[in-house]
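> next input, structure requested:
(5 chains, ligands or ions: 5)
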Amino acid sequence: MTSANTSVKVPQPDFDKLAPTRSFIQARKRKDAIMRGLIYVAFIIALIPLISVLWATLVNGLKRLNLNFLSYNMTGVIGGNPTPSGGYGGVLHAIIGTLEITFGAMVISIPIGLMCAVYLVEYANRKDKLAKSVSLLVDVMSGIPSIVAGLFAYSMFTIFFGPGTINGFEGSVALSLLMIPTVVKTSEEMLKIVPHDLREASYALGVTKQRTITKIVLRTALPGIVSGVILAIARVIGETAPLLMTAGFISSTNVNLFSGQMTTLPVYVYQEYSKLSVTCPAAADASCVPTIPMERAWAAALVLIVVVLLLNLLGRWVAKVFAVKSEQ
Amino acid sequence: MGQRIDVNHLNVYYGNFLAVEDVNMKIEPNKVTAFIGPSGCGKSTVLRTLDRMHEIIPGAHCKGEVLLEGKNLYAPDVDPVEVRRDVGMVFQRPNPFPTMSIRENVLAGAKLNNRKISKSDADDLVEWALRGANLWEEVKDRLDNPGIGLSGGQQQRLCIARAVAVHPQVLLMDEPCSALDPISTLAVEDLINELKGDYTIVIVTHNMQQAARIADYTGFFNLKAVGQPGHLEYFADTSTMFNNPQNEEAERYISGRFG
Amino acid sequence: MGQRIDVNHLNVYYGNFLAVEDVNMKIEPNKVTAFIGPSGCGKSTVLRTLDRMHEIIPGAHCKGEVLLEGKNLYAPDVDPVEVRRDVGMVFQRPNPFPTMSIRENVLAGAKLNNRKISKSDADDLVEWALRGANLWEEVKDRLDNPGIGLSGGQQQRLCIARAVAVHPQVLLMDEPCSALDPISTLAVEDLINELKGDYTIVIVTHNMQQAARIADYTGFFNLKAVGQPGHLEYFADTSTMFNNPQNEEAERYISGRFG
Amino acid sequence: ACGDNTSSSSNGSSSSASAEKISGDFQGAGASSQQSAVEAWIASYQATNPDAKIAYNPTGSGAGVTTFLTGATAWAGSDASLTNDQVSQSKDVCADGTTAFDIPAYVSPIAVVFNLKDVSGQGKHLNMDADTIAKIFDGKITKWNDEAIAKQNPKVTLPDTAITVVHRSDKSGTTQNFVSYLKDAAPSSWTYDLSENWPNEVGQGGKGTSGVISTVKQADGTIGYADASQAGDLGTVALKVGEKYVPYSAEAASKVVDASPLDDSAQGDNRVVVKLDHNTTADGAYPLVLVSYDIACPAYKDANTAKFVKSWLTYVVSKDGQDVAAKNAGSAPLSDTMRAKITKSIDAIKTE
Amino acid sequence: MSSQDKAAVQENTGKTADKVFKVIAYAAGILILVALAAVFLFLLFRAWPLIGGDQSANAATVESFTGGKAHNFWQYVGPLVFGTVLVAALALIIAFFIAVGIALFISHYAPKQLAVVLSSVVDLLAAIPSVIYGLWGGLILVPAIGPFWNWVATYLGWIPIFKGPAASPARTVATVAVVLAVMILPIITSVSRDIFQQAPRLQQEAALGLGATKWEMIKLAVIPFGKSGVISASMLGLGRALGETMAVLMILSPGLTYSVKLLQASQSQTIAANIAAQYPEANDLGVSTLIGTGLVLFIITFLVNFIARKITEKASV
Ligand SMILES: Nc1ncnc2c1ncn2[C@@H]1O[C@H](COP(=O)(O)OP(=O)(O)OP(=O)(O)O)[C@@H](O)[C@H]1O
Ligand SMILES: Nc1ncnc2c1ncn2[C@@H]1O[C@H](COP(=O)(O)OP(=O)(O)OP(=O)(O)O)[C@@H](O)[C@H]1O
Ligand SMILES: [Mg+2]
Ligand SMILES: [Mg+2]
Ligand SMILES: O=P([O-])([O-])[O-]
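Ligands and ions are numbered 1, 2, ... in the order given. Next up, the predicted model:
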């Protein structure tokens, strides 16, 4: 009944020869244990600096982090002297600036980045020249030094809105240049992982490509995309160099993204770090703190981390709400 | 009412590889047509050309005609999306949408197409489709649980319910029962029998008994050798196919049967 | 020589959900034992406890004993890796390694056990395993093509070849033929018959004819209701099971058979 | 606005200044050395002109002047005076065909700071002449107990520690003033061209004044130079002037500015450029100073800007302004004679 | 049967939306090209005086940047390129294995609860701004790591790259590489972890079923699946390391040599940090020169990504 031709000599492997030796089994076990060990060690090695960063920021930052620091800007702060409210200046203006500028960058880059990923994964053919160059250039774009992105945005705004134009949105444009490739790449990975079966199932129900993409593919990939976007925000929220040049630095609060200079938290940190210390008049009492800029720098760094943490939690929460339940 | 399908001189390619050669057949409306044949002979491939589903595989394309009620599916002005709305499909591997609950999966066809549907209609539709797929009793208390949490067999029945819920004219099934136990299989076969009053059904199966039980017509696919294209060797009504085949290859294949 | 398996008071849980309750059975060495039963009754679940495969599902755990030649698989000093070396497994869905060629897939397990396998030994092993899985003729000219490029049925046979190539003592198969056509199924059944001289074989199947054809013993699993745990309803030698079952549920299930 | 640190009493209209109140948004940019002083000036200035919103972006002198020359800022701060080229470019931004001018606004001593175990500390000095400093910074003297240093500091026991030179790694006016001092006062030991970048590969570089200071603090045996206000508890070097060793101080720095002539080669109207006399032997003068300028136009296209700049610069160079800066930024106040020259230029700003 | 009849009411076919969506997707793809072309052209435009301008003025600018050591643009940019690549490559080497290790730890070794916590910690760390790493690196790591580098210089000094004496304070390439490694570690980890977690269960079970140990299972079924993802994650990390500005600026004591003495100060500088350091005080021609170096950095990234892509393509066939 079977079509196996009996005249062909079927080789009979010698399984005793192929069986593992005792020592080889031990060696495999050892290797497994070693790899396990290495993986644990990698984890611990990485923890040391990471904990150190957080710890340093926490310890140094808590010294000046209080409600006063969060509710005032830097106007009227003279040297190391306390302000009328009893504080030493604060970061309210920088928090507002950071949130607005980052939000601006998100508004620009998430739609573009996501649609670009959709183009690459869902529409483009693998052999398509355009797609190949787009995805190559996305990689290249992710390597644009942030400072060059800043120069680009600055000159673009200079051309369109006159020389020396500096405002928050200009910073957003610079940041979006840095953010788009991260959004594209992480979204692309996540879209690729969505099983082909699901697209087929949807098409078979007579669903258009657009609806399949938005309702099945993007929906299934959503948790991954959200964490990708968080990564992208992380990539830009701490940018300093391009914002020095595009969004500027001001000690008062500016809530208008489209006009006037805007301070962001990283720029604030950097400027305070650069100031290092202030001079207290010889006659000054103990309320004048010569090391106040550095203390403000650390406190602002802590605020920055907390802002990032909150964004993270938000993203995590979104990802959880839309999570794909019990895969496979 | 189900629709008639005519396949004329169909050649299907994956890139440059000719997978199936010169298929010609007439699929009668409101009948069940089964495709049988050895693995790799192109049954799934041909099935997918009937709702242009192969087109989503990059490089896959076909030559020839597939006429649905006389209208060529491959005419330039035909939208594949509309073809697929009339021609439903159930796949070999169960593929419920992982983001959706059982209920949402059944309603997916309607919901994804932005069709407004009242809660009570939806409830009716869900129950009807799940009963048809013999899944209702097992899941009625957990309709809001994720569809992916079911066992393999349950998942496949869910997928059948989902396809049926769109109420297509033609229903294509690619080994829908290969992951089902006999009781579920029987239920699905009953469902197929019930549905053929309204639909044209084409089913790929490895189980010749299944073909013999449910099909009105059977197409036997074969391939001369591995790497060669598959072809439709013999197409006949089922009783001829199994009792008195006029084709030597088909007879050899069928006589290898058991059970 | 195959090994005997004794299952004593086995309860399997997915997290807090008791999926299978109090299973007791003796699986004879060098015989084929089949598990049958409706979908969701826990056949796959029990099968996976026989090589501790369920452990990789987070939260899955079991209580009770599984003795392999009198040695409890779940004793604290037993390494699941060694259990799985002696107890091979073929899965419901074909799962070749996608990055490997056909040849590499077959050799994957053997390479783990013996890295310094000579080219000619490897060639022999590949041919032997692929012939056993009735795949040799179809793929012998493209052993270096990716395994994932095969059709579903071919992939499953490749997976059987891969499992057999490790030459285990016990072979567990979870519906290995559900994606195969009759010819391949027959070949696999022949292979099982041939292998049982050397191995103990446990096979889950939906196809009662298959169980009747190849199994020496058959276990019938059932579940009282959905959401309830499954259990082993009846265990007997195959001819008793199919001709003269001493269990009402089993009889009802089997008499629902067809074909 | 939101979050401002204005005390409720000071922003009332109680202050009786007769001068017209300035209001509007005004931007300046430039030298980072002035930052602390400008912040103090802005805060005090706003106490009397609460409606003036002033932003100073410490982008650096070069960028500050460039921005000023595009017309985007009202004034610029710069550690270097304008070049002739820049003066002629300024025709485009200044109104009525006038050209920009520069005036000294911020004078600050540059301290040579060091960190040496058991030797350095707040207010402690080592004596050095320019030649020794030049040799140290050129890597010719590599040990703290080198003969050249020991000879000048007989009372100090110097350890056998290696010297680590710390210099600025970015382009900087501080560097330029420092090397210009070395070139003038020790021409035989310092032969490099004058530049804003550190010319040799000796020691380590730090970004900005803060980078230099923190590098100096981080290791034993380091020596660097930085704006004196940042010297903190590091040891500093007393420079040899004439036959005496002079530690840095604001008064000593003022003295050298007073003792220096104006640079008459500066082309353009109203310019007040100091040509520092690094070889001064004036008693108690400290010749290593940074003179930072404010740059403005004699006429602006926008009348309000002109009004602001005039009032702002007047305040900055006023005795009040200079005292505020001295107190909060450790700078050396301008002398009255210097102020007189400067005021003439400021008065030339047309407000109608 | 009646229920579906009712459901089959006339529906919006979505054909227009389908077309519009497609156009938007293509437009987004093309926008990337346009944006990049804009950046490139701008850089070229601003750097043009280097090529088309007065060469003696250029020489003067470069001499002012280098204190007379370099006389033309290429002499200036050469050591910068060397430094940039050196620092980024070291950072990637340090980070890569650790990152993949942590990713595997989270995806396959850690208990589920711990894995969830760790995942969020890693995501948080990926988001720590570079200016904070700059603060930490410059003020805390530099003094702390000094003794370690001393030890390395003493005992491993015979290896040329570890030639002593180790600089004190340790504002060296080695320290910067460590900081950059710490910075890119969470990025590589985060992406790799996501990929590893997606590795198909079926293949992992197959491997275990053959008697593979956990590590062998990872080698058989997880790493091949994740390879291209991990490579592209590394490229993401490398890209960030190549372009990192603030941390380098705040830590490194720069120099313009071709030396690989990692433990000595004032040996190398990166292009990005150099731009940030020189830009504020640069005149027009100086800015052109700096933008020219930016253009070179741009081209380096292009090449790195091009090569990486070739590798990924080969790996995924
Ligand atoms: N996506 C694809 N790309 C390239 N070749 C393919 C693809 N899918 C199938 N083929 C090839 O086309 C031929 C027909 O495959 P098809 O899946 O239609 O067979 P089948 O009869 O359905 O087999 P089975 O019973 O195993 O499902 C086979 O040679 C197969 O290798
Ligand atoms: N990973 C899992 N997590 C939770 N529950 C599970 C999981 N896998 C299976 N179950 C449940 O355990 C029970 C037994 O499932 P199992 O897959 O063993 O059934 P089966 O008899 O093999 O069914 P089939 O014939 O459909 O494969 C079912 O109720 C199923 O829902
Ligand atoms: Mg098929
Ligand atoms: Mg099962
Ligand atoms: O004010 P600086 O030019 O020295 O930074």
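
> can you give the distance of the lowest-mean-pLDDT helix or strand in chain B from its chain's centre?
Sorting the helices and strands of chain B by mean pLDDT, DSSP states H and E puts helix B:182-195 at the bottom, at a mean of 78. In this view, helix B:182-195 has its centroid 14 Å away from the chain centroid, taken as CA atoms, centre = their mean, to the nearest Å.

> stretch D:135-154 too?
With CA atoms, centre = their mean, you get 28 Å for stretch D:135-154.

> what's the answer for stretch D:297-315, then?
Distance, centroid of stretch D:297-315 to centroid of chain: 23 Å (CA atoms, centre = their mean).

> and it, anywhere near chain A?
No. When contact is scored as CB under 8 Å from any CB of the partner chain, no part of stretch D:297-315 falls within range of chain A; the minimum is 12.8 Å. Just so you know, the C-beta spots here come from the backbone N, C-alpha and C atoms, and that holds for glycine as well.

> which residues does whatever residue of the stretch 151-300 of chain D ends up closest to ligand 1 contact?
Closest residue of the stretch 151-300 of chain D to ligand 1, CB to the nearest ligand atom: D:K207 (57.1 Å). Under the criterion of CB atoms under 8 Å, 6 or more residues apart in numbering or on different chains, the contact list for D:K207 reads D:168-170, E:249-250, E:277.

> go again using 6 Å as the cut-off
Going by CB atoms under 6 Å, 6 or more residues apart in numbering or on different chains, D:K207 touches D:169-170, E:249, E:277.

> and the gap between E:L242 and E:V178?
The spacing between E:L242 and E:V178, counted by CB to CB, to the nearest Å, is 16 Å.

> who's more crowded, those two?
When E:L242 and E:V178 are compared for neighbours, E:L242 comes out ahead with 26 against 23, by other CB atoms under 10 Å in any protein chain shown.

> helix or strand: which one has the more buried one?
Here E:L242 sits within helix E:223-243, counting by DSSP states H and E.

> just the mean pLDDT for that helix, thanks.
Per-residue pLDDT over helix E:223-243 has a mean of 85.

> can you name the residues that contact the residue in chain E positioned nearest to chain D?
Relative to chain D, the nearest point of chain E is E:P280 (2.3 Å; CB to the nearest CB). Contact analysis of E:P280 by CB under 6 Å, 6+ apart lists D:59-60, D:62-63.

> the residues you listed in helices, which ones?
With helices defined by DSSP state H, the entries of the contacts of E:P280 inside them are D:62-63.

> now the two most distant members of the contacts of E:P280.
When the contacts of E:P280 are compared pair by pair using CB to CB, the two farthest from each other are D:T59 and D:G62, 8.4 Å apart.

> helix or strand: which one has the residue positioned nearest the centre of chain B?
Most central in chain B under CA atoms, centre = their mean is B:M173, positioned 1.7 Å from the mean C-alpha point. According to DSSP H and E, B:M173 maps onto strand B:170-174.

> just to revisit the earlier point, which of the contacts of D:K207 sits closest to B:S101?
Taking these together and measuring to B:S101 by CB to CB, the closest member is E:L249, at 52.9 Å.

> elements contacting the helix or strand where that closest one lies?
Here E:L249 sits within helix E:246-251, counting by DSSP H and E. Contacts of helix E:246-251 with other secondary structure elements, assessed using 3 or more CB pairs under 6 Å, 6 or more residues apart in numbering or on different chains; DSSP states H and E, are made with helix E:130-136, helix E:173-198, helix E:271-278.

> helices of the stretch 151-300 of chain A, start to end?
Counting by DSSP state H, counting those that start in this stretch, the segments of the stretch 151-300 of chain A that form helices are A:168-193, A:196-204, A:209-211, A:218-237, A:241-246, A:265-275, A:292-321.

> among those, which is nearest chain B?
In terms of CB to the nearest CB, the element of those nearest to chain B is helix A:196-204, at 3.8 Å.

> quick one: mean pLDDT over that closest one.
Averaged over helix A:196-204, pLDDT sits at 87.

> if anything else comes up later, I'll come back, but that's it for now.
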